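Student: Structure, please.
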Amino acid sequence: MAEPENPGVLDQTLKPFYQRASEAEDRLTRLEAALASKQDSGNKDHSKLNSELQEKIKKLAAENAKLQYRIHHLVQAVRDADLNLEKNYFVIPQVDVGAIWDHWICGYVAMQD
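Tutor: Model prediction:
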């Protein structure tokens, strides 16, 4: 490759490129700073939101435990009621068949007289 005849011409030719590169680096530095500040404020917002959500989760977990306790006892009460109903439904009364027979026979004999 041939050496340029005048190094000043090369510098003049590259000067706008150096200037644009320098401006781009400045913009990049400002953008990085802005992004860092937004991330810091975003992290604060996220940590606040996170703590609020953790608090809500604890409240919901406590409420869930109470409801599970109530459900357990309600299910047990229904089972006990079903068991009592079955016991009372299938109880065969103790009947003195002999006494019924005697009563029937006495009534029949009396009707014949």
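
Student: Residue 85 in helix, strand or coil?
Tutor: Of the three states, residue 85 takes helix under DSSP: H, G, I helix; E, B strand; the rest coil.

Student: now stretch 72-83, how far from the centre of its chain.
Tutor: Averaging C-alpha positions (CA atoms, centre = their mean, to the nearest Å) puts stretch 72-83 28 Å from its chain's average.

Student: cool, and stretch 67-85?
Tutor: With CA atoms, centre = their mean as the basis, stretch 67-85 stands 26 Å off its chain's centre.

Student: One more: stretch 34-44?
Tutor: 29 Å.

Student: Stretch 38-51 now?
Tutor: Counting by CA atoms, centre = their mean, stretch 38-51 comes out at 22 Å from the chain centroid.

Student: how far away is residue 35 from residue 76?
Tutor: With distances taken as CB to CB, to the nearest Å, residue 35 is found 59 Å from residue 76. Every C-beta, even on glycine, is put in place using the N, C-alpha and C of the backbone.

Student: I meant to write residue 52 there.
Tutor: Separation of residue 52 from residue 76 (CB to CB): 37 Å.

Student: which SSE is residue 74 in?
Tutor: If you go by DSSP states H and E, residue 74 is part of helix 7-89.

Student: Distance from that helix to the middle of the chain?
Tutor: Centre-to-centre, helix 7-89 and its host chain are 15 Å apart (CA atoms, centre = their mean).

Student: Can you name every helix or strand that that helix contacts?
Tutor: Packing partners of helix 7-89 (3 or more CB pairs under 8 Å, 6 or more residues apart in numbering; DSSP states H and E): none among the helices and strands.

Student: quick one: average pLDDT of that helix?
Tutor: Mean pLDDT, computed over helix 7-89, is 86.

Student: begin at 336 from here
Tutor: Taking 336 as the first residue, the last one we looked at is helix 342-424.
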